[in-house]
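> quick one, fold the following:
(2 chains)
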Amino acid sequence: MSVVEQQSPALPEPAEARGLRDRHRGLIALTGREVARVMKLWQQTIAAPVISSFLFILVFGLSLGSRISGIAGVDYDVFIVPGLVTMAMVQAAYSNNSSSVFQARFDRYINDVLASPMKSWEVNLGLSLGGAVRALIIALVLVLLALPIVDVPVHDPLVLALAVVLALTIFSSLGVIVGVYAQSWDHASFVQNIVIVPLSFLGGTFYSVETLPSPWQEISHVNPLFFVIDAIRHGFLGVSDVNVWLSLGVMAVLAAVMIAWSSWLFATGKKLKA
Amino acid sequence: MDHATTSPPALELRRLTKRYDDGFLALEGFDLTVPAGEFFGLLGPNGAGKTTLISAVCNLIRTTDGEIRIFGHDHRVPGARRLIGLAEQDINLDRFLNVEETLLYHGGYYGMERAHAKRRAKEMMEIFDLSSKAQTRAPMLSGGMRRRLLIARALMHEPPLLILDEPTAGVDFELRLDLWQYIRRLHGEGTTVLLTTHYLEEAEELCNEIALIRGGRLLARDSADGLRAHYGVGTLADVYVKAMAESGGRRPWTRSEDLAQGARSSRDGATA
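All right, here's what the predicted structure looks like:
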């Protein structure tokens, strides 16, 4: 009996044998795709939130600022800028990822990613980074636009950087999680409109929580957005309602919870795969 | 006897079971082996379990039980997924990407180096006559072009196992012939092809071996000639009708003659 030998396709060479960039080409491609989506829709993803936040700075800062005495020794028009930047960032990170992931599930082009040889954490990270990049672009543009009008310092760059990274981790991951669970566009926008926006306003974007009477001051301390805004404000202005390390600690715990939750979803395929 | 090398099958399913969350049992203890280099057809009515089987192989659903091996590798190993190219039944192209980007990002997901991906994308666009639409976004393409792009995407990373889930559904006759010709060529070059279709003449025209499935169970598998001989009928349409009727799939109010007549007419392009 004669048998023609057939060559069985080998698996791609072990990841360890290649460079970091080669090992994570899938992650780089998926991140590139998410950023490309942000840039293609720049009128919606960048321009709209920048304009609305900048209008807040103009209206609340310049028109009302002169009538409101400073808070914690900081002029009111300067005081509100970190909170508005934070609000714009967290909303952008959340809404970008929730809509991108939900759209990918709805149109089922997420299957192209799920069927690929990418690891679950790479898919999770790649989908998360799009919102983070969008949020950073918005923050940068907003600060640059605000600078000629109000003199916003950067008091503690390390704290600012750490707080921004943690805030983006929390809300990028939350966006991915909601995008995975959502059954309709309403579900994704519900969290944005009913949870994130109100908590941003109540978290001290426009005021110091210390000025609130009891029990509102204590109630504010269970609002996670309060700690996010307070830490970023400390990074910019050097003033905060609570110790900045407490805020960073709370944010770190929240970030860990969000990462664990989204990682579990992608590792098990729950809600992503029937 | 000469020296024989046993090559692992392109696809091997052992006791594959999938029960959906709502309790529906789509596959139960399903065994199937597709040898490397085969052009293998899966035939069965809607709900037979064809798409569930494909989704399980491609990591798109969570399996309940069983084992899936791709060229001998566990399908859960990320590298094993690199060996599969999938064109799904529904057009699921990224609405934000144009034709060229669709191919390039897919290449990236599958670990292709950028320059290689660019060359391959150009080649795919030429083969599938999409070069003039390279910068056109997927939703702006015609139905036929989207179907071509879907198959080009599946082939982008040069998979040795190509899975086509009803690739010619809703495609005009001319494009269907073009696709047949290209898929035949790929098979001739050594690619294993797993094809699901409702078109009996498509299965007969293309496949070396055909499996009939229904209700998550394998009813029969053989060449078209082998199936005809086994069921003692003259056409694949009659094989289909007989196999389905024997499996309990016949509707009680439908006469077997009507079923056979309906299935025979499918040879002109209607679905079984």
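> for chain B, what is the nearest residue in chain A?
residue A:29 (2.3 Å; C-beta to the nearest C-beta). Placement of C-beta: from N, CA and C, glycine included.
> could you find the closest non-adjacent residue to that residue?
Closest residue to residue A:29 apart from its sequence neighbours, by C-beta to C-beta, 6 or more residues apart in numbering or on different chains: residue B:108 at 2.3 Å.
> element containing the residue of the stretch 1-150 of chain B found nearest chain A, please.
Minimum separation of the stretch 1-150 of chain B from chain A (C-beta to the nearest C-beta) falls at residue B:108, amounting to 2.3 Å. When elements are assigned from DSSP states H and E, residue B:108 belongs to helix B:99-109.
> next one: residue B:169
Counting by DSSP H and E, residue B:169 is part of no helix or strand.
> and it, what does it touch?
B:89, B:198 (C-beta atoms under 8 Å, 6 or more residues apart in numbering or on different chains).
> so residue A:124 touches residue A:266, yeah?
Yes: assessed by C-beta atoms under 8 Å, residue A:124 is found in contact with residue A:266 at 4.4 Å.
> report all helices and strands that the helix holding residue B:108 contacts.
On a contact count with 3 or more C-beta pairs under 8 Å, 6 or more residues apart in numbering or on different chains; DSSP states H and E, helix B:99-109 meets helix A:25-40, helix A:110-114, helix B:114-127, helix B:143-155.
> report the angle between that helix and helix B:114-127.
For helix B:99-109 against helix B:114-127, the angle by axes from the mean of the first three to the mean of the last three C-alpha atoms, to 10 degrees is 140 degrees.
> export helix B:99-109 to PDB, keeping only CA atoms.
This file holds the C-alpha atoms of helix B:99-109, laid out as PDB (Å, rounded to 0.1, in the frame of the first residue of the first chain):
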ATOM      1  CA  VAL B  99     -12.600  47.200   1.900                       C
ATOM      2  CA  GLU B 100      -8.800  47.500   2.200                       C
ATOM      3  CA  GLU B 101      -9.000  48.200   6.000                       C
ATOM      4  CA  THR B 102     -11.400  45.200   6.500                       C
ATOM      5  CA  LEU B 103      -8.700  43.000   5.100                       C
ATOM      6  CA  LEU B 104      -5.700  44.700   6.800                       C
ATOM      7  CA  TYR B 105      -7.300  44.700  10.300                       C
ATOM      8  CA  HIS B 106      -8.300  41.100   9.900                       C
ATOM      9  CA  GLY B 107      -4.700  40.300   9.000                       C
ATOM     10  CA  GLY B 108      -3.600  42.100  12.100                       C
ATOM     11  CA  TYR B 109      -6.100  40.200  14.300                       C
END
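> pLDDT of it, averaged?
Averaging pLDDT along helix B:99-109 yields 98.
> cool, stretch A:147-157 as well?
According to the model, stretch A:147-157 has a mean pLDDT of 92.
> now do the buried residues in that stretch.
For stretch A:147-157, a neighbour-count test (16 or more other C-beta atoms under 10 Å in any protein chain shown) marks A:150, A:152, A:156 as buried.
> ok, now stretch A:80-95?
Of all the residues in stretch A:80-95, those buried under the rule 16+ other C-beta under 10 Å are A:80-95.
> alpha carbons only: can I get that stretch in PDB?
C-alpha atoms of stretch A:80-95 as PDB (Å, rounded to 0.1, in the frame of the first residue of the first chain):
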ATOM      1  CA  ILE A  80     -14.400  74.100  37.600                       C
ATOM      2  CA  VAL A  81     -12.000  73.300  34.800                       C
ATOM      3  CA  PRO A  82     -10.600  70.000  36.300                       C
ATOM      4  CA  GLY A  83     -14.100  68.800  37.100                       C
ATOM      5  CA  LEU A  84     -15.300  69.500  33.600                       C
ATOM      6  CA  VAL A  85     -12.300  67.900  32.000                       C
ATOM      7  CA  THR A  86     -12.900  64.800  34.200                       C
ATOM      8  CA  MET A  87     -16.600  64.700  33.300                       C
ATOM      9  CA  ALA A  88     -15.800  64.900  29.600                       C
ATOM     10  CA  MET A  89     -13.200  62.200  29.900                       C
ATOM     11  CA  VAL A  90     -15.200  59.600  31.800                       C
ATOM     12  CA  GLN A  91     -18.200  60.100  29.700                       C
ATOM     13  CA  ALA A  92     -16.200  59.800  26.500                       C
ATOM     14  CA  ALA A  93     -14.400  56.700  27.700                       C
ATOM     15  CA  TYR A  94     -17.600  55.000  28.800                       C
ATOM     16  CA  SER A  95     -19.800  56.000  25.800                       C
END
